[in-house]
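Peer 1: have a look; sequence and predicted model below, questions after that.
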Amino acid sequence: MNKAVSFISRFYRYQSERFPVLVILATLAPALASSGAVALGTLSWGPFATALVVSLLYLFHIRALDERRDFGHDTVHHAARPMQTGLITRAELARADFVAVLGILGLALWAGPAAFAYAAFALLYAHLAGNEFFLGERLRERYFLYNAVNLVQMLLMQVLVYALFSGWFVVTPLIVAHFAFTSTGTLILEFVRKLKIPGEDGPGKDTYTHYLGFSASLVIHASLILVNVLLFIRLMAFAGGSSSLATLVAVFFTALSVFLALAHYAKPRRVTEVLLQLAFVVGYGVMNVMVAFAILG
């Protein structure tokens, strides 16, 4: 009993730093709402809850694989992280991950055979990515290819989400537009969290600013935002939403993102870094909710 209480306490501290559940849920929920509306044309709490839990468990599985794969690298370059300080052991994380995988497969099977098949394929890919496709440093040293390979895991999760909602889904122009929108959103979320203040990249050579430079990274971030909002406007047109409102929202969030990027460039600080991240998370959430409401009427 004491061991269980100890693990829960330590796992709570671990997740608060490496896998903040509440933040992830807040980010996931709007995207899942629009995904359910696109896949079903309606939204019910049962499939939504299933997709939310499966997505959370799948993201945790990816995090656990990353922790085990990067243990040696992090021990050298990020010695203060929970795994490195002994807050949680690799064996404990592996057991928690095993439970997560069982949860993913069980809920996917409950959703239907197609969802189970997608879940199994996504987990297989995650396993291969977690083992660097057995290429080791040959893949890791190619930073952009390495990140692209890992990003595919998120795209597979989006396909799985469609299947969790509908059991099976037909590829339509609406689905394609939504997939493009959420894919660029995922890319931006990945990009902005590795956009660091000059001098704070750390020795691990694992940020985009290390490879691209600070100013170029900000330009790329703003460009990706522009692509994302243009896809949002197109998606709203497919969904039958108000084009004028979609354009207004898109212009506002683009202008806000550019303003924050310029402020961050002029005077890089922790507060501007956080605001840059927060602006996209909130904007992306609002756009997803608008898509859901446009479809649901």
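Peer 2: Happy to help now that I have it.

Peer 1: pLDDT score for Val159?
Peer 2: Predicted confidence (pLDDT) for Val159: 94.

Peer 1: how about stretch 101-113 as PDB, C-alpha atoms only?
Peer 2: What follows is the C-alpha trace of stretch 101-113 in PDB, where atoms were taken according to Å, rounded to 0.1, in the frame of the first residue of the first chain:
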ATOM      1  CA  VAL A 101      -1.000   0.200 -24.100                       C
ATOM      2  CA  LEU A 102      -3.600  -2.200 -22.700                       C
ATOM      3  CA  GLY A 103      -6.000   0.700 -22.200                       C
ATOM      4  CA  ILE A 104      -5.500   1.900 -25.800                       C
ATOM      5  CA  LEU A 105      -6.100  -1.600 -27.300                       C
ATOM      6  CA  GLY A 106      -9.000  -2.300 -25.100                       C
ATOM      7  CA  LEU A 107     -10.800   0.900 -25.800                       C
ATOM      8  CA  ALA A 108     -10.000   0.700 -29.500                       C
ATOM      9  CA  LEU A 109     -11.500  -2.800 -29.600                       C
ATOM     10  CA  TRP A 110     -14.600  -1.600 -27.900                       C
ATOM     11  CA  ALA A 111     -14.900   1.200 -30.500                       C
ATOM     12  CA  GLY A 112     -14.800  -1.400 -33.400                       C
ATOM     13  CA  PRO A 113     -12.400  -3.600 -35.400                       C
END
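
Peer 1: ok, now which ones touch the residue lying closest to His178 once chain neighbours are set aside?
Peer 2: Of all residues not flanking His178 in the chain, Val38 sits nearest, at 4.5 Å (C-beta to C-beta, 6 or more residues apart in numbering). Any C-beta I mention is one placed from the backbone N, CA and C, and that applies to glycine too. Contact analysis of Val38 by C-beta atoms under 8 Å, 6 or more residues apart in numbering lists 162, 174-175, 178, 239, 291, 295.

Peer 1: widest-spaced pair of these?
Peer 2: Tyr162 and Ala239 (15.2 Å; C-beta to C-beta).

Peer 1: who has more neighbours, the two?
Peer 2: Tyr162 (25 against 22; other C-beta atoms under 10 Å).

Peer 1: could the contacts of Val38 go into JSON lines alongside secondary structure, pLDDT and distance to Ser6?
Peer 2: Formatted as JSON lines, the contacts of Val38 follow (DSSP: H, G, I helix; E, B strand; the rest coil; pLDDT from 0 to 100; distance: C-beta to C-beta, whole Å):
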{"residue": "Tyr162", "secondary structure": "helix", "pLDDT": "94", "distance to Ser6": "40"}
{"residue": "Leu174", "secondary structure": "helix", "pLDDT": "90", "distance to Ser6": "49"}
{"residue": "Ile175", "secondary structure": "helix", "pLDDT": "92", "distance to Ser6": "46"}
{"residue": "His178", "secondary structure": "helix", "pLDDT": "96", "distance to Ser6": "43"}
{"residue": "Ala239", "secondary structure": "helix", "pLDDT": "88", "distance to Ser6": "49"}
{"residue": "Val291", "secondary structure": "helix", "pLDDT": "96", "distance to Ser6": "44"}
{"residue": "Ile295", "secondary structure": "helix", "pLDDT": "92", "distance to Ser6": "46"}
